[in-house]
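**Student:** All I have is the shape, not the residue letters:
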């Protein structure tokens, strides 16, 4: 571990130092989470890299979504001797500017924050057999919900028989987000990404296994940091070469967050985020005859009229409809679980009151 580290190289701005001032007065250190494993962390601080744990008050008095994640800026207290390896206790997480979240696995409607304080999400999609426009739409919806700018990176352009068509497909759902084609196996092949990854930005790579994120990471860092494996010929899918999220400094300044490939991406988003991804459908819906139009059978539906006139692709509408139904279902489940929790709370209160009355 190094003796010191310049936090400005990983996007520590005046705003972060200002937000940290109340903690600096208590003798704490500003740090940024580079790795999170359960309740164990690795931090970049001005004194170098440190291993860290969170204090009990942070873990037990806050929701799981408020625990430190990769990309978070935190206030930490060094503990133990000053020799490496340095250790610290995390006392607080500074307010997040952005956070990339998905619905956690399981039956409960819970938010899983995957990374925080991202400026740009690079949605990486392979141009081999795993190219999927619908998956791009899903990632874009989550990017909008997270408050993160996005760009679509189409990798393996050297393996694509009709690159112009694929670029057109991606541009058709991008909603104005940049779309670039690259060949990550070549240092020269990632020039379009280098023009997006400007110094001072925290960039996150998102995408399925096998799309070439690890290869792209190695090219951006200029070293063979990540293990690269071949994809299966049958479906162009790869095994997970990245098994955890990690923030690393970029040579030109800025930070890169690599994420494991996600075969299933459960939405944690609202209708507004969906409408931002499908802006043309939202605009059409505003012209429908009825405010609560389902855009299926109603007379005077502007969306159906656009489909019939060939102005809106039926597949695009079908994707929007499915995502809207998914978001609505999760919203209903959240309401049900909130009502159940409230009922359980009052049941416990009434039980305690009865017990107290008997004692008197």
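**Tutor:** It's in. Remember, predicted model here, so these are calculated numbers, not experimental data.
**Student:** What does the pLDDT read for residue 328?
**Tutor:** Residue 328 carries a pLDDT score of 80 in this model.
**Student:** do the same with residue 181
**Tutor:** At residue 181, pLDDT is 96.
**Student:** Next: residue 311.
**Tutor:** The confidence metric pLDDT takes the value 90 at residue 311.
**Student:** again, but for residue 233
**Tutor:** pLDDT, residue 233: 48.
**Student:** And for the one 5 residues further on?
**Tutor:** We note a pLDDT of 44 for residue 238 in this prediction.
**Student:** Quick check: bridge partners of the most centrally placed residue in the chain?
**Tutor:** In the chain, the centroid-proximal residue (C-alpha atoms, centre = their mean) is residue 100; its distance is 2.9 Å. Here residue 100 sits in beta bridges with residue 115, as judged by DSSP bridges.
**Student:** Tell me how far residue 124 lies from residue 206.
**Tutor:** To residue 206, residue 124 is 7 Å away according to C-beta to C-beta, to the nearest Å. For every residue, glycine as well, the C-beta is placed using N, CA and C.
**Student:** wait, residue 100
**Tutor:** 8 Å.
**Student:** again with residue 323
**Tutor:** Separation of residue 323 from residue 206 (C-beta to C-beta) stands at 17 Å.
**Student:** The two: which has the busier surroundings?
**Tutor:** A count of neighbours by other C-beta atoms under 10 Å puts residue 206 above the other of residue 323 and residue 206, at 27 against 21.
**Student:** Now the more buried one. Its backbone dihedrals?
**Tutor:** Dihedral pair for residue 206: phi -130, psi 150, per degrees, to the nearest 10.
**Student:** is it in a bridge, and if so with what?
**Tutor:** For residue 206, the beta-bridge partners under DSSP bridges are residue 123.
**Student:** separation between it and residue 260?
**Tutor:** Taking C-beta to C-beta, one finds residue 206 at 10 Å from residue 260.
**Student:** Give the residues shared as contacts by residue 100 and residue 206.
**Tutor:** When contacts are counted by C-beta atoms under 8 Å, 6 or more residues apart in numbering, the set common to residue 100 and residue 206 consists of residue 121.
**Student:** Not counting residues beside it along the chain, what's closest to residue 289?
**Tutor:** Spatial nearest neighbour of residue 289, excluding adjacent residues (C-beta to C-beta, 6 or more residues apart in numbering): residue 300 at 2.9 Å.
**Student:** residues contacting the one you found?
**Tutor:** Neighbour list for residue 300: 288-290, 293 [criterion: C-beta under 8 Å, 6+ apart].
**Student:** The same query, at a cut-off of 10 Å, please.
**Tutor:** By C-beta atoms under 10 Å, 6 or more residues apart in numbering, the contact set of residue 300 is 287-290, 293.
**Student:** same thing with residue 136?
**Tutor:** By C-beta under 10 Å, 6+ apart, residue 136 lies in contact with 123-125, 150, 152, 154, 169-170, 172-174, 177, 179, 207, 277.
**Student:** any idea which of the residues you listed is closest to residue 39?
**Tutor:** Lowest distance from residue 39 to the contacts of residue 136 (C-beta to C-beta) belongs to residue 207, with 27.8 Å.
**Student:** Which parts of this structure belong to which domain?
**Tutor:** Using automatic domain parsing, the domains assigned to the chain come out as 7-93, 99-258, 278-336.
**Student:** Pick the most deeply packed of those.
**Tutor:** Stretch with highest mean neighbour count among the domains of the chain: domain 99-258 (a mean of 19; mean count of other C-beta atoms under 10 Å).
**Student:** Ends of that domain, what's the gap?
**Tutor:** End-to-end distance for domain 99-258, by C-alpha to C-alpha, to the nearest Å: 15 Å.
**Student:** do stretch 295-312 as well
**Tutor:** With C-alpha to C-alpha as the measure, stretch 295-312 spans 13 Å from end to end.
**Student:** circling back: in helices only, show me the contacts of residue 136.
**Tutor:** Here DSSP state H is the test, and the contacts of residue 136 give 169-170, 172-174, 277 as lying in helices.
**Student:** Which pair of these spans the longest distance?
**Tutor:** The most widely separated members of the ones in helices among the contacts of residue 136 are 169 and 277, with 15.2 Å between them, by C-beta to C-beta.
**Student:** what about the stretch 251-360 of the chain, any weak spots by pLDDT?
**Tutor:** Where the stretch 251-360 of the chain drops to pLDDT under 70, the residues are 261-270, 331, 334-341, 345, 350, 355-360.
**Student:** what about 90?
**Tutor:** Within the stretch 251-360 of the chain, the stretches with pLDDT under 90 are 252, 258-279, 282, 285-300, 313-360.
**Student:** what about the strands in the stretch 151-300 of the chain?
**Tutor:** Using DSSP state E, counting those that start in this stretch, the strands of the stretch 151-300 of the chain run over 179-181, 202-206, 246-249, 255-258.
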